[in-house]
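> got a sequence here, can you model it:
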Amino acid sequence: MQAFCEHKSTVVLARRDGVDYVECLECRQVFEAEDLEPVVVEDDEE
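Numbers count the residues shown, from 1 in each chain. This is a model prediction of the structure:
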């Protein structure tokens, strides 16, 4: 079971359609910066 993380240390990964995506440096989860809810990250091989 993963411990609770407050996501205090984040880094911006990308901006798409005006939305910033950030990654927590402690637990490595990816979130939308506006609401810090987890988002699904899919690899787009283009």
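
> hang on, isn't F31 packed against D20?
No: counting by CB atoms under 8 Å, D20 is not a contact partner of F31; they are 9.4 Å apart. Where C-beta positions appear, they are placed from N, C-alpha and C, glycine not excepted.

> who has more neighbours, those two?
Using other CB atoms under 10 Å as the criterion, F31 and D20 rank with F31 on top: 18 against 14.

> for that one, what is the enclosing helix or strand?
Following DSSP states H and E, the helix or strand that holds F31 is strand 30-32.

> other SSEs contacting that strand?
Packed against strand 30-32, as judged by 3 or more CB pairs under 8 Å, 6 or more residues apart in numbering; DSSP states H and E, are the following elements: strand 19-24.

> what strands flank the strand it packs on, and is each parallel or antiparallel?
strand 10-16 (antiparallel), strand 30-32 (antiparallel) (DSSP bridges).

> for those, which one sits closest to F4?
strand 30-32 (14.9 Å; CB to CB).

> so H7 sits against V30, correct?
No: assessed by CB under 8 Å, H7 is found out of contact with V30, at 10.6 Å.

> now the common contact residues for those two.
C24 (CB atoms under 8 Å, 6 or more residues apart in numbering).

> any residues in contact with both of F31 and D20?
Counting by CB under 8 Å, 6+ apart, nothing touches both F31 and D20.

> isn't R15 right up against Y21?
Yes: R15 is within contact range of Y21, at 7.3 Å (criterion: CB under 8 Å).
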